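Engineer: sequence below, structure please.
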Amino acid sequence: MIDFLKKVPLFADLSDEDLDRLCAIATETNLSAGEVLFTEGEIGDKTFVIMSGEIDILKESGGQMVFLATRGPGDVIGEMSLLDQAPRFASGRARTDCKLLSISHENVEHLLNTSPSAARVLFSTISNRLRDTELVLRQSEKMAQLGTLTAGVTHELNNPASAARRGSEHLGAAIEQLQQTYQLFHEQGFSQEQWNKTNDLRIYARQRAAQPVELDNLDRSDREEELESWLDNHSLENSWEFAPILVNIGYRTADLEELAENYPGQQLAVVLRWVCSLFTIFSLLKEINLGTSRIGEIVKSLKSYTYLDQAPVQPVDVHEGLDNTLVMLRSKLKTGITLVRSYAESLPKIMAYGGELNQVWTNIIANAIDAMDVEGTLKISTRQVDDWIYVEIQDSGPGIPEDVRQKLFSPFFTTKPMGKGTGLGLNISFNIIQKHKGYIEVSSEPGQTTFSVRLPKNFEQSD
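Structural biologist: Numbers count the residues shown, from 1 in each chain. This is a model prediction of the structure:
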């Protein structure tokens, strides 16, 4: 065992006497492939040296296990919880059958206090591991954020796409019905004056399709009953089908009386069927147009959010970035959350990395929404003071304790349950704001937490 320990950098400079003492206090641990050595979140009291076999280091993030590294013979693992006196940062699981030496944290701490070379090696190892772990988790954070945004965009696209699809499906039947009424038109032998009046009816139907009559449920029900009775009294078939459409067009019984004078007998039924078909077609076309327009707006917001096909540093509209971020996160804005925007008028554009700034807004707004859970108020305000742009994002959640606020922007620090966050979101945001030579601060009390971001108009010219 001494020969093995001499090959481990952490113990290489220890005397034979110290190595003898270490061997006396260390215990051997054997693991079968697939067996868990330690679990993320548990209190750690031992450090391990792998003698043979391989251990996978895994961390839960976004509901799934993220692979961080594989450690092999000679590697020391489990030391993190010793240094920061915190629960295990990750889990260790045997990839193969393993043999390990386990050393209590008390003895490892004694080793570090008595051997400067061991302390130097251990701290160098930890520094490298933290850097590698941060790179892996940053990628995991990006993928988790991408998943959130994808869910939001999918949710946003689904409604207008479904509306357009429904409209197109119904449009075919409505056009077929309109063709049938045209055949009936020619059978009625309309006069030129009657044909002229149908053009007025077509224009009116189109106008009403663009802006239907707005009625409350009670008034609508009364009008439908009124028109249905009139149609029944004039022996028009399917009055229950036409009455709601005629109400949407804006017809009252007086309008129907006028139509009956201009189109007597069977002509009235044909004209009413034709008007209802026209109105339905115009309404469906409007529905399809609104749906496809909304899809176009969402795609435009997504492109602006990611700043596709644009230079990294460019003039950025802060309001547009905030609004695009809200579009991406709309699926997280639950019905119980009220959104209040208080934007400064004529806020100038700033020179910035647009995509990175949107990542900041995403992290802060998503955290605010999570903090409020099912109900609350999200306030977003902007203002300009001299050459600085201020953005404040405030939520009415439970607040953040002082001891937690001091660690908020530290890497790997998170208040979320294990597996719900990497602890890098706010750290990434902090680094992005610093990259723009700006400042980010947080103030909090129960019922009000505010993240304040201050950005220069042009960070490339800022001192």
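Engineer: now do stretch 42-62: distance to the chain's middle.
Structural biologist: 32 Å (C-alpha atoms, centre = their mean, to the nearest Å).
Engineer: oh, I was asking about stretch 93-111
Structural biologist: How far stretch 93-111 lies from its chain's middle: 41 Å, per C-alpha atoms, centre = their mean.
Engineer: I'd like the average pLDDT over it.
Structural biologist: On average, the pLDDT along stretch 93-111 is 83.
Engineer: kindly report the same for stretch 287-294.
Structural biologist: pLDDT averaged over stretch 287-294 gives 82.
Engineer: and that stretch, how far from the chain's centre?
Structural biologist: Taking C-alpha atoms, centre = their mean, one finds the center of stretch 287-294 at 23 Å from the center of the full chain.
Engineer: which positions within it qualify as buried?
Structural biologist: Judged by neighbour count (16 or more other C-beta atoms under 10 Å), stretch 287-294 contains these buried residues: 287-288, 291, 294. (Glycine included, C-beta is placed from N, CA and C.)
Engineer: and of those residues, the nearest to K46?
Structural biologist: R294 (57.6 Å; C-beta to C-beta).
Engineer: quick one: secondary structure of the closest residue to L215 other than its chain neighbours?
Structural biologist: Using C-beta to C-beta, 6 or more residues apart in numbering and skipping residues adjacent in sequence, the residue nearest L215 is R223, 6.9 Å away. Counting by DSSP: H, G, I helix; E, B strand; the rest coil, the backbone at R223 sits in helix.
Engineer: tell me the contacts of R223?
Structural biologist: Going by C-beta atoms under 8 Å, 6 or more residues apart in numbering, R223 touches 215, 247, 252.
Engineer: going by neighbour count, which of those are buried?
Structural biologist: Buried among these by 16+ other C-beta under 10 Å: V247.
Engineer: which of the contacts of R223 scores worst on pLDDT?
Structural biologist: L215 (77).
Engineer: give me the phi and psi angles of it.
Structural biologist: phi -140, psi 150 (degrees, to the nearest 10).
Engineer: quick check on I249: phi, psi?
Structural biologist: Here is the backbone geometry of I249 (degrees, to the nearest 10): phi -70, psi -30.
Engineer: from E176, how far off is it?
Structural biologist: 21 Å (C-beta to C-beta, to the nearest Å).
Engineer: again with G41
Structural biologist: 64 Å.
Engineer: same thing with I364?
Structural biologist: Taking C-beta to C-beta as the measure, I364 falls 53 Å from E176.
Engineer: what about the two, which has more around it?
Structural biologist: Comparing I364 with E176 by neighbour count (other C-beta atoms under 10 Å), the higher total belongs to I364, at 22 against 10.
Engineer: need the contact list for the more buried one.
Structural biologist: Contacts for I364 (C-beta under 8 Å, 6+ apart) come out as 393, 426, 429, 451, 453.
Engineer: can we see that at 7 Å?
Structural biologist: By C-beta atoms under 7 Å, 6 or more residues apart in numbering, the contact set of I364 is 393, 429, 451.
Engineer: I'd assumed the first one was in a helix, is it?
Structural biologist: No. Using three-state DSSP, the secondary structure at I393 is strand, not a helix.
Engineer: so I103 bridges to which residues?
Structural biologist: T47 (DSSP bridges).
Engineer: follow-up on the earlier one: show me the buried residues of stretch 287-294 that map onto strands.
Structural biologist: Judged by DSSP state E, strands contain none of these.
Engineer: reformat these as TSV; add distance to I77.
Structural biologist: As requested, the buried residues of stretch 287-294 are exported to TSV (distance: C-beta to C-beta, whole Å):
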residue	distance to I77
E287	60
I288	60
G291	55
R294	52
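Engineer: tell me the one among these nearest to L347.
Structural biologist: Ranked by distance to L347 (C-beta to C-beta), these are led by R294 at 26.1 Å.
Engineer: how about the closest one: what's its closest non-neighbour residue?
Structural biologist: P160 (3.8 Å).
Engineer: what is the burial count for the one you found?
Structural biologist: Using other C-beta under 10 Å: P160 sits among 20 other residues.
Engineer: quick check: V391 vs A33, distance?
Structural biologist: 51 Å.
Engineer: the two - which one has more neighbours?
Structural biologist: Higher neighbour count among V391 and A33: V391, with 26 against 12, using other C-beta under 10 Å.
Engineer: I figured that one hits V453, correct?
Structural biologist: Yes. Here V391 reaches V453: they are 4.5 Å apart, a contact under C-beta atoms under 7 Å.
Engineer: can you name the element that comes right after the lowest-mean-pLDDT helix or strand in the chain?
Structural biologist: Least confident element among the helices and strands of the chain, by mean pLDDT, DSSP states H and E: helix 80-83 (a mean of 65). Next in sequence after helix 80-83, counting helices and strands by DSSP states H and E, comes strand 91-94.
Engineer: how far is that next one from where the chain is centred?
Structural biologist: Strand 91-94 sits 32 Å away from the centroid of its parent chain (C-alpha atoms, centre = their mean).
Engineer: identify the residues contacting it?
Structural biologist: Contacts of strand 91-94 (C-beta under 7 Å, 6+ apart): 31-40, 53, 55-58, 77-78.
Engineer: strands paired with that strand, and their directions?
Structural biologist: In the sheet, strand 91-94 lines up against strand 36-38 (antiparallel), strand 55-61 (antiparallel) (DSSP bridges).
Engineer: deepest-packed of those strands, please.
Structural biologist: Of those, the one with the most neighbours on average (mean count of other C-beta atoms under 10 Å) is strand 55-61, at a mean of 21.
Engineer: average pLDDT across that one?
Structural biologist: pLDDT averaged over strand 55-61 gives 81.
Engineer: helix or strand right after that strand?
Structural biologist: Assigned by DSSP H and E, the successor of strand 55-61 is strand 64-71.
Engineer: in that next one, what counts as buried?
Structural biologist: For strand 64-71, by 16+ other C-beta under 10 Å, it's 65-66, 68-69, 71.
Engineer: picking that back up, show me the contacts for the residue nearest to R294.
Structural biologist: 291, 294-295 are the contacts of P160 under C-beta under 7 Å, 6+ apart.
Engineer: in the helix or strand containing K197, what's buried?
Structural biologist: Assigned by DSSP H and E, K197 belongs to helix 192-210. Buried residues in helix 192-210, counted by 16+ other C-beta under 10 Å: 197-198, 201, 204-206, 208-209.
Engineer: so which residues of the stretch 301-450 of the chain form strands?
Structural biologist: Shown for the stretch 301-450 of the chain, the strands assigned by DSSP state E, counting those that start in this stretch span residues 313-316, 337-342, 350-353, 376-385, 388-395, 439-445, 448-456.
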